[in-house]
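# Fold the following for me, if possible:
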Amino acid sequence: MSIAKKPLTRIQADFILLFTALVWGSGFIAQRVAAPFTSIFFYNGGRFLLGALLILPLIRFRLNIPRREMRGVFAAGALLFAAGSLQQAGMRTTSAGNAGFITGLYVVMVPIFLFLIWNERQTWTIWVAAVVAVIGMLLLSTGGAIRFVSGDFLEFLGAILWAFHVIVVSNSVKKLNPLHFAVAQFLICAAFNLLVGFIFEPASIRVMPNYWWPIVYNGVASVAIGFTLQGVGQKHAPPTDAALILSMESVFAALLGYLFLSERFTLTQTIGSALVMAAILLSQIPVNHFRKPIPKLENDKPGI
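Alright, predicted model coming up:
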C-alpha cells in the first residue's frame, strides 16, 4: 500500500511532523499516569506490539522490507527500545521537567552529529534555531530552575540515542514505504522490550492489566499514529527540520497537562513555549531571505 502517490512538499511534511508532536504530547498524559506503577519493558513492549498489529491490516499483513535495508530498520527498532527504556528509567529518579528538558537536547545533537559523523553542513539559521529551542525547552520544562540528580544521566544518554534515531529514520525511510518501515521498527522494539521484561521483571506482568488503558492509548496514538507519521514526515523533510518540529512535543505536553491534569503553566513556561515556536519558524526561513540583493543599475551592460 502506498502512503502517498506523489512526494509531499517540505511544508506538508513539516505539518505532518507538527501533528506528530501534538499526538506525542497527548501521549505524555497516559505515560505519566502509568510510569510509576508499571514495568518499563512490558509497558513499552505492549504499546509497540499493539501499534504494529494496528498497522498490519493496512499493508495486507505482508511485510516487505528488502534485505539490504534491514540493517537500518533493525537499528531504528533497537534505538527506539534503548532510548525509550533510558527515558523511563531516568524518570524514576528525576522530575518530569528535567526529563523533558534533557531529552529535548537531541534537538541540538542532530545537527552536531550530522556535521561530525556524516559531514553534512548546516546553515547558521539551523544552529541558532537549535540553541533557541533548547533554551525554550529549559524554561518550559523546568521553569528555569534545574537540579541534576542521578536519573538525569540516563536521560542524557537517552537524548543521544533519540538524536541517532531521528537520523536513522530519516535515512532509512526514504528508501522504504513508511508503513512497512513502521511495522518492522515496532516489532523489533516490542521484541526487545518483551524479551528483557520476561528475563528481568517477570513478576511485574501481573499488574499490567490494571493499566490497560494507558497502554491502549499510547499504542494507538503515540505508536500507531505518532511514530508512523514521523516516518511519513521524515521521508520528505530534512532531519534537522524533524528534530526542531518534534520538539513541540514538550509544548503540547505542557499545555495538555495544564488542561487535563491541572498542572501549573507559568509565565516562564509561556516564554519557553514561544521560544520553541520561534525556533521552528526560524528554521523554515531560507538563508537567502537574509541576504539583501545587489541592486542592478539601469545602465549596466555586459562587458564587450
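# quick one: low-confidence parts of the stretch 1-150 of the chain?
Applying pLDDT under 70 to the stretch 1-150 of the chain flags the ranges 1-5, 32, 35-36, 95-97, 146.
# where does the stretch 201-304 of the chain have low pLDDT?
261, 263, 287-304.
# What segments of it are helices?
212-217, 228-234, 239-246, 248-260, 267-284 (DSSP state H, counting those that start in this stretch).
# buried ones in the third one?
I take that to be helix 239-246. 239-246 (16 or more other C-beta atoms under 10 Å). In short, each C-beta sits where N, CA and C put it, glycine included.
# so which of those comes closest to residue 92?
residue 246 (24.0 Å; C-beta to C-beta).
# which ones are touching that closest one?
17, 20-21, 24, 166, 230 (C-beta atoms under 8 Å, 6 or more residues apart in numbering).
# got those residues as CSV, with secondary structure columns?
Formatted as CSV, those follow (DSSP: H, G, I helix; E, B strand; the rest coil):
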residue, secondary structure
17, helix
20, helix
21, helix
24, helix
166, helix
230, helix
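# would CSV of those residues with neighbour count and distance to residue 98 be doable?
Formatted as CSV, those follow (neighbours: other C-beta atoms under 10 Å; distance: C-beta to C-beta, whole Å):
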residue, neighbour count, distance to residue 98
17, 24, 25
20, 26, 24
21, 25, 20
24, 25, 18
166, 25, 21
230, 26, 24
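# which one of those is nearest residue 121?
residue 166 (17.8 Å).
# one step back: of all the helices of the stretch 201-304 of the chain, which lies closest to residue 107?
helix 239-246 (4.9 Å).
# For that closest one, list the C-alpha coordinates in PDB.
Output of helix 239-246 as PDB, limited to C-alpha atoms (Å, rounded to 0.1, in the frame of the first residue of the first chain):
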ATOM      1  CA  PRO A 239      16.300  15.600   9.800                       C
ATOM      2  CA  THR A 240      17.100  19.000  11.300                       C
ATOM      3  CA  ASP A 241      13.500  20.100  10.400                       C
ATOM      4  CA  ALA A 242      12.200  17.000  12.100                       C
ATOM      5  CA  ALA A 243      14.200  17.400  15.300                       C
ATOM      6  CA  LEU A 244      13.100  21.000  15.700                       C
ATOM      7  CA  ILE A 245       9.500  20.500  14.900                       C
ATOM      8  CA  LEU A 246       9.200  17.300  17.000                       C
END
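# so residue 47 touches residue 221, yeah?
No - the criterion here is C-beta atoms under 8 Å, and residue 47 misses it with residue 221 at 9.5 Å.
# More neighbours: which of those two?
residue 47 (30 against 20; other C-beta atoms under 10 Å).
# got the helices of the stretch 201-304 of the chain as JSON lines, with distance to residue 88 columns?
Listed next are these as JSON lines, based on distance: least, C-beta to C-beta, whole Å:
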{"stretch": "helix 212-217", "distance to residue 88": "12"}
{"stretch": "helix 228-234", "distance to residue 88": "19"}
{"stretch": "helix 239-246", "distance to residue 88": "18"}
{"stretch": "helix 248-260", "distance to residue 88": "15"}
{"stretch": "helix 267-284", "distance to residue 88": "23"}
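# Any idea which of these gets closest to residue 143?
Among those, the nearest to residue 143 by C-beta to C-beta is helix 267-284 (4.9 Å).
# what angle separates the closest one from helix 248-260?
150 degrees (axes from the mean of the first three to the mean of the last three C-alpha atoms, to 10 degrees).
# Tell me which residues of helix 267-284 come out buried.
Those would be 269, 272-273, 275-277, 279-280, 282-283, for helix 267-284 by 16+ other C-beta under 10 Å.
# Which other helices and strands does that helix contact?
helix 124-142, helix 239-246, helix 248-260 (3 or more C-beta pairs under 8 Å, 6 or more residues apart in numbering; DSSP states H and E).
# most neighbours per residue, which of these?
helix 239-246 (a mean of 25; mean count of other C-beta atoms under 10 Å).
# quick one: it to helix 124-142, angle?
Going by the same axes, to 10 degrees, helix 239-246 makes 30 degrees with helix 124-142.
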